[in-house]
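S.K.: I need the structure of the sequence given here:
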Amino acid sequence: MGGTSTKYNKVGGIHIELEKYVFNSGEAINGNIHISTTETLSQCFLKFQFKGKELTHWIERHSNGRSTTTYHFDGNLKFCQVRYQMLKWEGSLNPGHYSIPFSFVTPTGIPGSFQFYPRS
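M.R.: Numbers count the residues shown, from 1 in each chain. The predicted structure follows:
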């Protein structure tokens, strides 16, 4: 888990800065959200979203003594999706640069990331 994200368009941009980029289940994600805007934005809000998904792929080979058949299997499972509104500007957000610190505790019990390649 972890990473950074930067998005820009004609009115400004947003950059997420994290203290670290690898997290364990139940651990806090700490960082800053940097917002730059060149135009006044009417009522707006800042929403945080955390997603976790599992992608799997495995191969099975079955032999009947004369021939071998290879089967490929793929799996995709979304195991968590958390969203919440961090801030809401009731009035306008004026042009400028803003830094907003945040902390989010990841859900407990989510699996970690790994890759396994069995020996042939």
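
S.K.: Can you report how many residues lie near residue 87?
M.R.: Neighbours of residue 87 under the rule other CB atoms under 10 Å: 15. All C-beta spots, glycine's among them, are computed from the backbone N, C-alpha and C.

S.K.: quick one: the residue lying closest to it once chain neighbours are set aside from residue 30, how far?
M.R.: Once flanking residues are discounted, residue 87 sits nearest to residue 46: 4.4 Å by CB to CB, 6 or more residues apart in numbering. Separation of residue 46 from residue 30 (CB to CB, to the nearest Å): 16 Å.

S.K.: Kindly report the same for residue 95.
M.R.: Distance, residue 95 to residue 30, using CB to CB: 28 Å.

S.K.: SS state for residue 112?
M.R.: Secondary structure assignment for residue 112 (DSSP: H, G, I helix; E, B strand; the rest coil): coil.

S.K.: quick one, phi/psi of residue 90?
M.R.: phi -70, psi -40 (degrees, to the nearest 10).

S.K.: who are the neighbours in contact with residue 7?
M.R.: Residues counted as contacts of residue 7 (CB atoms under 8 Å, 6 or more residues apart in numbering) are 13, 14.

S.K.: Okay, and it sits in which element?
M.R.: strand 5-9 (DSSP states H and E).

S.K.: Can you name the element that comes right after that strand?
M.R.: Counting by DSSP H and E, the next helix or strand C-terminal to strand 5-9 is strand 12-18.

S.K.: same question for that next one, mean pLDDT?
M.R.: For strand 12-18, mean pLDDT is 90.

S.K.: From the contact counts, what lies against the next helix or strand after it?
M.R.: Using DSSP H and E, the helix or strand that follows strand 12-18 in sequence is strand 28-37. Using 3 or more CB pairs under 8 Å, 6 or more residues apart in numbering; DSSP states H and E, the elements in contact with strand 28-37 are strand 12-18, strand 44-63, strand 96-105.

S.K.: Buried ones in the longest one, by neighbour count?
M.R.: Same thing as strand 44-63. Using 16 or more other CB atoms under 10 Å as the test for burial, strand 44-63 gives 46, 50, 52.
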